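>>> What would the 3D arrangement of this be:
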Amino acid sequence: VHRYMRILDSVSGIDMTNIVAITFTKKAAGELKNRLASLIDIQLDRKQKDLWLSQLPNAYISTIHGFCHRLIKKYGSVLDLDPQFVVMDGDQAMIVWNHIMDTYLLNAQLAKNEFLKQFLLHFSFAQLKQDLIRLFERRDQMGRAEDAENELLSDFMASILEDPNLKTTTHAIHLTSCLKNLFFDCFELYSEWKTEESKYDYSDLMENMLVLLGHKTIRLDLQKKFRFIMVDECQDTDDFQWEIIRLLCRDFDSLLAKDRKPDSEVEANNKDVKQQKESVLLDEDRETDVGQITGQNLFLVGDMKQSIYSFRGANPRVYASVLDKLKGSNVLYVNLNENFRTQPRVIEGINKLFQSVFNKTYPDSEPRYVRYDSLIACRQQKEGNLFFNSTSIEQEPHDMARWMLSKFKDGHSWQDMALLFRRKTRLDV
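Predicted coordinates for the structure are as follows:
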């Protein structure tokens, strides 16, 4: 919010439609707009206040899907889309998928579909429906890159086989092929339904946005228009969302030229764009100077440790790759590891625990690997102790009992002590 305000205050000729702020949820976008309205009302004079408040409803402050929806609506004629198309949210798309899937599987049973027959010889009908739903949730990975698709299907098969080591056997590969064919048959019906109803899901928005940015004139117009781009929760972006962000940045290709092959139209076009200094700031929540930026400014906020959860199909490797490339470029990187909330003893324990958990060595293909940067405790120490001395979960209750007994012998009452547990499972111990 403060960064947005500094841009408005310090950059001449700026308009709110020149700034893009991408949030992870609609709620966060609404909160950002409300906080901006409050600061504008408090900090600015009447003339500026009226100007910015009148522009705020049209500001590009939304989720990545909302942002793409708005631009696709504007350029819909280029994409040959029904101007009255409706976008389904995740829940609505899942309801449609479940209905189409149930109908398809019923008809497949009646038609004695061979793929269905082979799969049901080894797995239950409920298992099949569960797998088709899980594949639908990861549909962005299906039908695009063959390696990614095969990896996903292989992992699925490993998760439902009694012995995961059998996932590369001829038997497992055959079942994987059956599952793949059933999914794409069902997905074709889903795609036909969307076209007939002029309804699209979030994946369609991403696909159409990439097609839109493939038009040179439109892409260059948008690159010129959006002078500042800010992305919150960047660790939760997937490959296609990040590609959209990259294509909107006029200088990003030149910034990473040493890491990429000039084999696309986009990069050829970028050679015609005047070279300008670009700053990329990776931050968590700190107010920062806009800086002496003459070109486009990209501001990313992210926490690598959160990316392991793969929210909404986000790919942890995408964020890791972005960080690796940006750190070697003209970039200001800010690591916010100062903790003002937690007591030093707790921070000490957290660092000790998570250094051993996060800093394990995983294969390059392992998406869970995240480097751990130790936290710095900035809060004044209060009385208290933190123990990490128990050698096992079985030993922990005995160590705790001895410590409590020592406090009792020192004159403390049992009523001075409280034991809090996550669950009651081990209370008897």
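>>> Name the spans of this structure whose pLDDT lies under the cut-off.
141-168, 250-296, 307-315, 327-329, 359-369, 382-391, 426, 429 (pLDDT under 70).
>>> which residues of it fall in strands?
Under the criterion DSSP state E, strands of the chain are mapped to 19-23, 60-63, 86-87, 199-200, 228-231, 279-283, 297-301, 332-333, 338-339, 376-377.
>>> so can I have a markdown table of those strands showing distance to Leu121 and mean neighbour count?
(Glycine included, C-beta is placed from N, CA and C.) Formatted as a markdown table, these follow (distance: least, CB to CB, whole Å; neighbours: other CB atoms under 10 Å):
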| stretch | distance to Leu121 | mean neighbour count |
| --- | --- | --- |
| strand 19-23 | 47 | 23 |
| strand 60-63 | 43 | 21 |
| strand 86-87 | 40 | 14 |
| strand 199-200 | 36 | 19 |
| strand 228-231 | 47 | 21 |
| strand 279-283 | 51 | 21 |
| strand 297-301 | 49 | 23 |
| strand 332-333 | 54 | 13 |
| strand 338-339 | 55 | 14 |
| strand 376-377 | 58 | 16 |
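>>> so can I have JSON lines of these showing distance to Thr217?
Below are the strands of the chain laid out as JSON lines (distance: least, CB to CB, whole Å):
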{"stretch": "strand 19-23", "distance to Thr217": "19"}
{"stretch": "strand 60-63", "distance to Thr217": "20"}
{"stretch": "strand 86-87", "distance to Thr217": "25"}
{"stretch": "strand 199-200", "distance to Thr217": "24"}
{"stretch": "strand 228-231", "distance to Thr217": "20"}
{"stretch": "strand 279-283", "distance to Thr217": "26"}
{"stretch": "strand 297-301", "distance to Thr217": "22"}
{"stretch": "strand 332-333", "distance to Thr217": "32"}
{"stretch": "strand 338-339", "distance to Thr217": "46"}
{"stretch": "strand 376-377", "distance to Thr217": "49"}
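>>> so which of the ones you listed gets nearest Ala126?
strand 199-200 (28.1 Å; CB to CB).
>>> The closest one: partners in the sheet, and parallel or antiparallel?
Strand 199-200 has the following strand partners under DSSP bridges: strand 86-87 (parallel).
>>> contacting residues around the strand it pairs with?
Applying CB atoms under 8 Å, 6 or more residues apart in numbering, the external contacts of strand 86-87 come out as 65, 69, 197-202, 204-205.
>>> Select, out of the strands of the chain, the one closest to Asp41.
strand 60-63 (16.7 Å).
>>> which helices and strands sit right next to the closest one?
Packing contacts for strand 60-63, counted by 3 or more CB pairs under 8 Å, 6 or more residues apart in numbering; DSSP states H and E, involve strand 19-23, helix 26-43, helix 64-74.
>>> Redo these as a markdown table? Include distance to Asp131.
Below are these laid out as a markdown table (distance: least, CB to CB, whole Å):
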| stretch | distance to Asp131 |
| --- | --- |
| strand 19-23 | 32 |
| helix 26-43 | 30 |
| helix 64-74 | 26 |
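>>> deepest of these, which one?
Of all the helices and strands packed on strand 60-63, strand 19-23 has the most neighbours on average by mean count of other CB atoms under 10 Å, namely a mean of 23.
>>> Can I get that one in CSV? Just the C-alpha atoms.
Provided in CSV are the C-alpha atoms of strand 19-23 (Å, rounded to 0.1, in the frame of the first residue of the first chain):
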residue,chain,number,x,y,z
ILE,A,19,0.0,0.4,-12.2
VAL,A,20,-0.7,-3.3,-11.9
ALA,A,21,-1.1,-4.8,-8.4
ILE,A,22,-1.7,-8.6,-8.4
THR,A,23,-3.1,-10.2,-5.3
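>>> Show me what that strand is packed against.
Packing contacts for strand 19-23, counted by 3+ CB pairs under 8 Å, 6+ apart, involve helix 2-10, helix 26-43, strand 60-63, helix 64-74, strand 228-231.
>>> Neighbouring strands of it in the sheet, and parallel or not?
Strand 19-23 pairs in its sheet with strand 60-63 (parallel), strand 228-231 (parallel), by DSSP bridges.
>>> how about these, which one is nearest Arg3?
strand 228-231 (6.9 Å).
>>> Show me what that closest one is in contact with.
For strand 228-231, using CB under 8 Å, 6+ apart, the contacting residues are 3-4, 7, 11, 18-22, 237, 245, 248-249, 296-301.
>>> Near Asp221, how many other residues are there?
12 (other CB atoms under 10 Å).
>>> Also Asp324?
Neighbours of Asp324 under the rule other CB under 10 Å: 10.
>>> show me the contacts for it.
If you count contacts by CB under 8 Å, 6+ apart, Asp324 has none.
>>> Look up how far Val370 lies from it.
Distance of Asp324 to Val370, given as CB to CB, to the nearest Å: 13 Å.
>>> what is in contact with those two at once?
Here Asp324 and Val370 share no contacting residue, scored by CB under 8 Å, 6+ apart.
>>> so which of the contacts of strand 86-87 comes closest to Asp232?
For the contacts of strand 86-87, the closest approach to Asp232 (CB to CB) belongs to His65, at 14.0 Å.
>>> List the contacts of that closest one.
By CB under 8 Å, 6+ apart, His65 lies in contact with 87, 202, 205-206.
>>> Make CSV out of those and add distance to Leu427.
Formatted as CSV, the contacts of His65 follow (distance: CB to CB, whole Å):
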residue, distance to Leu427
Val87, 50
Tyr202, 45
Leu205, 50
Met206, 49
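>>> hey, which helix is longest across the chain?
Criterion DSSP state H: the longest helix present in the chain is helix 170-197.
>>> Tell me how far Ile95 lies from Thr25.
For Ile95, the distance to Thr25 equals 20 Å [CB to CB].
>>> let me redo that: Asp221
Distance, Asp221 to Thr25, using CB to CB: 29 Å.
>>> Endpoints of stretch 110-118, how far apart?
15 Å (CA to CA, to the nearest Å).
>>> Which positions within it qualify as buried?
Within stretch 110-118, the residues that count as buried by 16 or more other CB atoms under 10 Å are 113, 115-116, 118.
>>> I'd like those residues as CSV, with distance to Arg134 appended.
Formatted as CSV, the buried residues of stretch 110-118 follow (distance: CB to CB, whole Å):
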residue, distance to Arg134
Asn113, 20
Phe115, 17
Leu116, 17
Gln118, 19
